Every structure is written in C-alpha cells, then in structure tokens.
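>>> This is a predicted model, with the sequence first.
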Amino acid sequence: MKKRVLLVGVCIIILFTGCINKDDTTTESDTETINFPTTTEAEPEITTEWIIQNYKEALSEEELSRAEEIAREYYKQHVIYELYSMKVAENDDAWYRASTDIKKYQQGNIIIFLTETSHMGYGSYRAIVLVRENKNSSWEVLTEGN
C-alpha cells in the first residue's frame, strides 16, 4: 500500500513538473517586466461612482425638524392618503441614487423621508425627497411617490 501511494505521488509530481516546463524555450517577447509600486510611491486615489454619505448627520436638529415639517405639510396639502409614519431614509437607501436629479444634491442639501400612508385600507410605502440649493435656501419637495 505504501508503495502504491508513493508511486501515485511521484506520478503526480512528474506530471505537474512536466506541465510547468512544457516549453523551456522563451524569447524576449515572451517575457514582460512588471513594476511593482515601492513604499515611497503615493497610494492611488480610490474613487467610486457611489460613496455612502451621512445625509441625516449633515443636518442640524433644527434643519432636520424644518424639513420634516415641510414634508408633513406636503402630505396634508397634496396627498389624499393619511400619513401613518415617517422616518429618515438610511444612507444607503436606493432613493439617494434613484435619478440624476437626486444625485446632483450633496449631503446637507438633500434629505429623504420614507413614509407609510393609507391607501385602499392598508399601508402604502412611499418616499418624499426634499432638496435645497444651499444652507441659506428653503427646502423644496423635489419628488414624492413610490
């Protein structure tokens, strides 16, 4: 049994090394130089299309409260369904990257509330997007829907 295991092991090694050294003839065109970065080189800048930002934390309590008031007033004036609940959307919510209109606003100038409204006797989940041009301008409803 030991001889059989040893023989199988030797065959595998021969087969493996034979595959590696299949063609020992190399030309200059077959080789390429790879330059690895040294520790003195600057790290490359990492960029992504979507970086998670903290939208809620970019606003003061007063700014967030004012935005919520405007959203609630919008539901009273323009949406026929009763508003059951409203909460700030999480930072990675798809609404923050839903369209180019929304993506152009930086944190501090956009906030999205996820809402639950009455619709045909049961809850309907919606969102309301509030934006402003800068910290000195007023909040406006950019869009509302589901």
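Right, received. Where do you want to start? Residues are numbered from 1 along each chain as shown.

>>> which ones are touching L64?
Under the criterion of C-beta atoms under 8 Å, 6 or more residues apart in numbering, the neighbours of L64 are 56, 88, 111. From N, CA and C alone the C-beta is placed, and that goes for glycine too.

>>> repeat that for 7 Å
56, 111 (C-beta atoms under 7 Å, 6 or more residues apart in numbering).

>>> from what I can see, it looks like it's in a helix, true?
Yes. Using DSSP: H, G, I helix; E, B strand; the rest coil, the assignment for L64 is a helix.

>>> From I111, how far out is it?
Noted for L64: a distance of 7 Å to I111, by C-beta to C-beta, to the nearest Å.

>>> try A98
As judged by C-beta to C-beta, A98 and I111 stand 14 Å apart.

>>> now swap in Q77 and tell me
Using C-beta to C-beta, which is the criterion applied here, Q77 is 19 Å from I111.

>>> between the two, which one's more packed in?
I111 (26 against 7; other C-beta atoms under 10 Å).

>>> so after the helix or strand encompassing the more buried one, what's the next helix or strand?
Using DSSP states H and E, I111 sits in strand 110-119. Following strand 110-119 in sequence order, the next helix or strand is strand 122-131 (DSSP H and E).

>>> Pull out the buried residues from that next one.
For strand 122-131, burial by neighbour count (16 or more other C-beta atoms under 10 Å) applies to 126-131.

>>> again, but for stretch 57-72
Buried residues in stretch 57-72, counted by 16+ other C-beta under 10 Å: 58-59, 64, 67-68, 70-71.

>>> Sweet, I'm off.
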